[in-house]
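Q: Below are the sequence and a predicted model; questions follow.
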Amino acid sequence: MSGAATFRALHHGRAPGDPLVLPGPWDAASARVFAEAGFPALATPSAGIAASLGYADGRTPAPEMFAAVARIARAVDVPVSADVEDGYGLAPKELVDRLLEAGAVGCNLEDSHGGVLEDPRRQADFLAEVRAAAGDLLFVNARLDTFVHGGDDGGQAAGPAGGRAVGSAIGRAVGHAVGRAVEEAVERAALYVAAGADCVYPILAPVEALPALRAGIRGPVNVLARPGEGPSPAALGELGADRVTFGPGLQRRATAALREIAEGIGR
């Protein structure tokens, strides 16, 4: 079984409350720590790697990001998925080739550029080209940014049906604004899954929206956990998460711990 097939299998057949937990290493040393702790796979955070390389989030040059992913993948024996932001403007085949050369078995691709949501059909076309170029060699996690950048589209629908009337059940359960973001996320997810995405990632979705997202989305759902602040991975699993990642949260906690150590030895 290939690394990608092994990684893909980890996402399926999860029991409620037992999501796939993927820590986010930012360098080879952190990757080894997580692998030695027994996690079956890892998922790099672009913001965490950016910080480790001295860049602001979203400012890492593509060659440096791929080089960092390669160092992480070489350091461990477990599958590694790479957050490659919006694909850095690379053609799908080149993007796939760079990921495979780095040793990644999966990728995270976001559907916004410069703070603006991409047209969902255009994004679906891009994902379909990535899938065609990769075949089964990459697990594609399609990030949905409707909870980050949505809500400013004048009420126009993102999905194929047109309109944006929020379903009364969703609106009552989570509120009108969140309900609109849920509907758009579900519509985008349907397009992305049809295009070949293996998983969808409604980043920053509020906890109360997770049951509606789970009910409306076909296939695995990735949820962001906030260590020490929000529900545990198990609790997120009970709410509908099949997979839990942490973004740059673990890198930031490690940096905070190092800051305390630095302050202590400087006295």
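A: In hand now; what should we look at?
Q: So which elements touch the helix or strand containing residue 66?
A: Per DSSP states H and E: residue 66 is located in helix 62-75. Using 3 or more CB pairs under 8 Å, 6 or more residues apart in numbering; DSSP states H and E, the elements in contact with helix 62-75 are helix 28-36, helix 46-53, strand 80-83, helix 92-102. Every C-beta, even on glycine, is put in place using the N, C-alpha and C of the backbone.
Q: Residues touching the third one, excluding its own?
A: This points to strand 80-83. For strand 80-83, the external contacting residues (CB atoms under 8 Å, 6 or more residues apart in numbering) are 7, 22, 24-25, 31, 41-46, 49, 65-66, 69, 72-73, 99, 102-108, 139, 141.
Q: What's the mean pLDDT across that strand?
A: Strand 80-83 shows a mean pLDDT of 98.
Q: Show the low-confidence segments of this structure, by residue range.
A: 151-176, 267 (pLDDT under 70).
Q: which non-adjacent residue is nearest residue 136?
A: Closest residue to residue 136 apart from its sequence neighbours, by CB to CB, 6 or more residues apart in numbering: residue 4 at 6.2 Å.
Q: just to revisit the earlier point, what separates the helix holding residue 66 from the chain centre, distance-wise?
A: 17 Å (CA atoms, centre = their mean, to the nearest Å).
Q: And for that helix, what's in contact with it?
A: 25-29, 31-32, 35, 42, 44, 46, 49, 52-53, 55, 60, 80, 82, 84-85, 88, 90, 98-99, 101-104.
Q: tilt between that helix and helix 28-36?
A: Using axes from the mean of the first three to the mean of the last three CA atoms, to 10 degrees, the inter-axis angle of helix 62-75 relative to helix 28-36 is 40 degrees.
Q: Taking helix 92-102 as reference, get the angle to helix 62-75.
A: Going by the same axes, to 10 degrees, helix 62-75 is angled at 40 degrees with respect to helix 92-102.
Q: how about the strands of the stretch 101-250 of the chain, start to end?
A: Counting by DSSP state E, counting those that start in this stretch, the stretch 101-250 of the chain has strands at residues 106-110, 112-113, 116-117, 139-144, 199-202, 222-224, 243-245.
Q: Now render those strands as TSV, adding mean neighbour count and distance to residue 263.
A: As requested, the strands of the stretch 101-250 of the chain are arranged in TSV below (neighbours: other CB atoms under 10 Å; distance: least, CB to CB, whole Å):
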stretch	mean neighbour count	distance to residue 263
strand 106-110	24	34
strand 112-113	17	37
strand 116-117	16	40
strand 139-144	27	36
strand 199-202	26	36
strand 222-224	23	29
strand 243-245	25	30
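Q: Would you reformat those as JSON lines and include distance to residue 215?
A: Shown next, in JSON lines, are the strands of the stretch 101-250 of the chain (distance: least, CB to CB, whole Å):
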{"stretch": "strand 106-110", "distance to residue 215": "23"}
{"stretch": "strand 112-113", "distance to residue 215": "24"}
{"stretch": "strand 116-117", "distance to residue 215": "23"}
{"stretch": "strand 139-144", "distance to residue 215": "15"}
{"stretch": "strand 199-202", "distance to residue 215": "13"}
{"stretch": "strand 222-224", "distance to residue 215": "14"}
{"stretch": "strand 243-245", "distance to residue 215": "17"}
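Q: ok, and for the helix holding residue 66, which residues are buried?
A: For helix 62-75, the neighbour count (16 or more other CB atoms under 10 Å) marks 62, 65, 66, 68, 69, 70, 71, 72, 73, 75 as buried.
Q: what do you get for stretch 16-23?
A: For stretch 16-23, by 16+ other CB under 10 Å, it's 19, 20, 21, 22, 23.
Q: quick one: which of those residues is nearest to residue 187?
A: Closest approach between the buried residues of stretch 16-23 and residue 187, by CB to CB: residue 19, at 23.8 Å.
Q: ok, the closest residue to residue 215 other than its chain neighbours - how many residues close by?
A: In space, and not counting its chain neighbours, residue 215 is closest to residue 240: 7.8 Å by CB to CB, 6+ apart. Other residues near residue 240 come to 19 when the count uses other CB atoms under 10 Å.
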